[in-house]
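S.K.: Okay, here's the prediction I keep looking at, along with the sequence it came from:
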Amino acid sequence: MDEAIIWLTILALSIFVGIEVISKVSSTLHTPLMSGTNAIHGIILIGAIFVAGTADSAPVLVMGLAATVLAAVNLVGGFVVTDRMLKMFSAPNKKTPGKAPAKKDGAA
Amino acid sequence: MIPVWVQAAYLFAAVCFILALKGLSSPKTARRGNLLGAAAAVVATAAVFFERPLGNIVPILAAVGVGTVLGAVGARRVQMTQMPQLVALFNGVGGAAAAIVAVVELHGLSGTHSSAVVTAAAAAFTAVVGGVSFAGSVVTFAKLQGLMTTRPVVFPGLPVLFGAAVLAAVAIAVMTAAGPGLLPGTILAALGLLAGVLLVLPVGGADVPIVISLLNAFTGLTVAAGGYVLGNVLLLIAGTLVGASGTLLTVMMARGMGRSVLNTLFGALKGGSTLG
């Protein structure tokens, strides 16, 4: 199989998976989900590390290191801030257990 | 040739990212999903050091450390009410990182011939859209942080200037695909910055979250294209996941506010009201 076709196959399947996997998200989770996907694209960090690690001149190394810092901010900050958001979501439920019975939710 | 176990680690991380998104879309599993994504990112970041022999290990580890501290401290210190603009800022720096990687790769491709046309085109795309994502995110940050007015900013000629920037970017991207180099790559990134600012200026404050989500999807696409350029499957999968789910999320958020995405972006230009 031609290599370009393999890449296109991965691309096409990933598009469908990306759409399918979040299609049932509840609207209260829109912001944490956006923040979580934001963290995931911080994985460009491995591209930045690769560029910096294979740099053959000082300017390229500087650019690669700058990209590494920025991508690490995106990746680490993204996951931490998403976790804080989600902590906020779960906190009230723990403090007031049983206040909102599951049956009532199901009926509504 | 990339060692098989490194490729397996990338596959593992890709599967974890999918499960992380799945987890994030349900309240019960959201937190676990996010942690799973973070764990996958750690595995992938460790694996890249063994992809092939890398130089400059010490400065790279220092750069990762600096970025980690900045990101973690920023995310921990920020007040709850300021989280949206922080997400915008994180998205922006991610876009900037992708654009820088693309410009470096275009520099590396200079002098190559027709065989690398698709690679150069993907790098050109990453440079432009990464620039859009960074500049757009900075403007959304400024709007949410109160550094500038939250009202839509429209001036005569804005649509013309925006259109000209987009057309110029497309034209130079085509030229760059045929003859890649550092200079066209830098020009592309600069045009992306201009287009990003012009894209977000006319958006009112209340609609800004939708635009952050759109720019988030843009950054995902740049990472996917960057993955193709670097020959890294994980970047392609992760970027495409974010691009696709981010686009759907943008549409759902706009629908939740009773708007279309196009109306959110360009409503102010047509003279309709986008309340700030």
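M.R.: Perfect, I can see it now. Numbering: from 1, shown residues only, chains lettered A, B, ... in the order given.
S.K.: now the residue of chain A found nearest chain B, what's its secondary structure?
M.R.: Using CB to the nearest CB, residue A:72 is the residue of chain A that sits closest to chain B, at 2.5 Å. Any C-beta I mention is one placed from the backbone N, CA and C, and that applies to glycine too. Following DSSP: H, G, I helix; E, B strand; the rest coil, we place residue A:72 in the helix state.
S.K.: any idea which element residue B:193 lies in?
M.R.: Assigned by DSSP states H and E, residue B:193 belongs to helix B:182-200.
S.K.: and what of residue B:215?
M.R.: Residue B:215 belongs to helix B:208-230, assigned by DSSP H and E.
S.K.: If you count neighbours, what's buried in the helix or strand following that helix?
M.R.: Downstream of helix B:208-230, the next assigned helix or strand under DSSP H and E is helix B:233-256. Buried residues in helix B:233-256, counted by 16 or more other CB atoms under 10 Å in any protein chain shown: B:233-254.
S.K.: Quick check on residue A:57: phi, psi?
M.R.: phi -150, psi 160 (degrees, to the nearest 10).
S.K.: what residues does the stretch 51-200 of chain B put near chain A?
M.R.: Residues of the stretch 51-200 of chain B found near chain A, taking CB under 8 Å from any CB of the partner chain as the criterion, are B:51-52, B:54-57, B:59-60, B:63-64, B:66-68, B:70-72, B:74-76, B:78, B:80, B:83-84, B:86-87, B:90-91, B:93-94, B:96-98, B:100-101, B:103-105, B:107-108, B:118.
S.K.: pLDDT below threshold where in chain B?
M.R.: Across chain B, the ranges flagged by pLDDT under 70 are B:112-115, B:271-276.
S.K.: Pick out the residue of it closest to chain A.
M.R.: For chain B, CB to the nearest CB, closest residue to chain A: residue B:67, 2.5 Å.
S.K.: Where does that residue fall, secondary structure wise?
M.R.: With elements taken from DSSP H and E, the one containing residue B:67 is helix B:57-77.
S.K.: Output the contacting helices and strands for that helix.
M.R.: Counting contacts by 3 or more CB pairs under 8 Å, 6 or more residues apart in numbering or on different chains; DSSP states H and E, helix B:57-77 packs against helix A:44-53, helix A:58-95, helix B:83-109.
S.K.: With only the CA atoms kept, save it in CSV.
M.R.: The C-alpha atoms that make up helix B:57-77 are tabulated as CSV, following Å, rounded to 0.1, in the frame of the first residue of the first chain:
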residue,chain,number,x,y,z
ILE,B,57,19.2,16.7,25.6
VAL,B,58,20.0,19.0,28.5
PRO,B,59,18.6,22.2,27.0
ILE,B,60,15.5,20.2,25.8
LEU,B,61,14.9,18.9,29.3
ALA,B,62,15.4,22.4,30.7
ALA,B,63,12.8,23.8,28.2
VAL,B,64,10.3,21.0,29.1
GLY,B,65,10.9,21.9,32.8
VAL,B,66,10.4,25.6,32.3
GLY,B,67,7.2,25.0,30.3
THR,B,68,5.9,22.5,32.9
VAL,B,69,6.4,24.9,35.7
LEU,B,70,4.9,27.9,33.8
GLY,B,71,1.8,25.8,32.8
ALA,B,72,1.2,24.2,36.2
VAL,B,73,1.7,27.4,38.2
GLY,B,74,-0.5,29.4,35.8
ALA,B,75,-3.2,26.7,35.9
ARG,B,76,-3.1,26.4,39.7
ARG,B,77,-3.0,30.1,40.5
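S.K.: Okay, buried residues for it please.
M.R.: B:59, B:60, B:63, B:64, B:67, B:68, B:70, B:71, B:72, B:74, B:75.
S.K.: Can you name the residues that contact the third one?
M.R.: Same thing as residue B:63. Residues in contact with residue B:63, defined by CB atoms under 8 Å, 6 or more residues apart in numbering or on different chains, are A:52, A:65, A:66, A:68, A:69, A:72.
S.K.: Same check on the second one?
M.R.: Residues in contact with residue B:60 (CB under 8 Å, 6+ apart) are A:49, A:52, A:53, A:65, A:68, B:54.
S.K.: and if we set it to 10 Å?
M.R.: Contact analysis of residue B:60 by CB atoms under 10 Å, 6 or more residues apart in numbering or on different chains lists A:48-53, A:55, A:61, A:64-65, A:68, B:48-49, B:54.
S.K.: How about the fifth one?
M.R.: When the contact criterion is CB under 10 Å, 6+ apart, the partners of residue B:67 are A:42, A:45, A:48, A:65-77, B:93, B:97.
S.K.: Any idea how far apart the tips of stretch B:106-124 sit?
M.R.: 8 Å (CA to CA, to the nearest Å).
S.K.: Same question for stretch A:37-54.
M.R.: For stretch A:37-54, the end-to-end distance is 28 Å (CA to CA).
S.K.: tell me how far that stretch is from the chain's mean position?
M.R.: The chain centre lies 13 Å from the centre of stretch A:37-54; the measure is CA atoms, centre = their mean, to the nearest Å.
S.K.: and what of stretch B:132-139?
M.R.: Distance of stretch B:132-139 from the chain centroid (CA atoms, centre = their mean) equals 9 Å.
S.K.: ok, now stretch B:174-191?
M.R.: In terms of CA atoms, centre = their mean, the centre of stretch B:174-191 is found 19 Å from the chain centre.
S.K.: likewise stretch B:255-274?
M.R.: 23 Å.
S.K.: Next, the buried residues of that stretch.
M.R.: Neighbour-count burial for stretch B:255-274, counted by 16+ other CB under 10 Å, picks out B:259, B:261, B:263, B:264, B:265, B:266, B:267, B:268, B:274.
S.K.: Any part of that stretch near chain A?
M.R.: Yes - part of stretch B:255-274 sits near chain A under the criterion CB under 10 Å from any CB of the partner chain, namely B:255, B:256.
S.K.: For that stretch, list the C-alpha coordinates in PDB.
M.R.: The C-alpha trace of stretch B:255-274 is given here as PDB (Å, rounded to 0.1, in the frame of the first residue of the first chain):
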ATOM      1  CA  ARG B 255     -26.400  25.900  18.700                       C
ATOM      2  CA  GLY B 256     -26.700  26.000  22.500                       C
ATOM      3  CA  MET B 257     -26.600  29.800  22.300                       C
ATOM      4  CA  GLY B 258     -29.100  29.800  19.400                       C
ATOM      5  CA  ARG B 259     -26.500  31.000  16.900                       C
ATOM      6  CA  SER B 260     -24.700  29.600  13.900                       C
ATOM      7  CA  VAL B 261     -20.900  29.600  13.900                       C
ATOM      8  CA  LEU B 262     -20.800  31.800  10.800                       C
ATOM      9  CA  ASN B 263     -23.100  34.300  12.400                       C
ATOM     10  CA  THR B 264     -20.900  34.400  15.500                       C
ATOM     11  CA  LEU B 265     -17.800  35.100  13.500                       C
ATOM     12  CA  PHE B 266     -19.100  37.500  10.800                       C
ATOM     13  CA  GLY B 267     -22.400  38.800  12.200                       C
ATOM     14  CA  ALA B 268     -20.900  42.100  13.300                       C
ATOM     15  CA  LEU B 269     -19.600  42.700   9.800                       C
ATOM     16  CA  LYS B 270     -23.000  42.500   8.200                       C
ATOM     17  CA  GLY B 271     -24.300  45.200  10.600                       C
ATOM     18  CA  GLY B 272     -26.300  42.700  12.600                       C
ATOM     19  CA  SER B 273     -25.900  42.900  16.400                       C
ATOM     20  CA  THR B 274     -23.600  40.700  18.300                       C
END
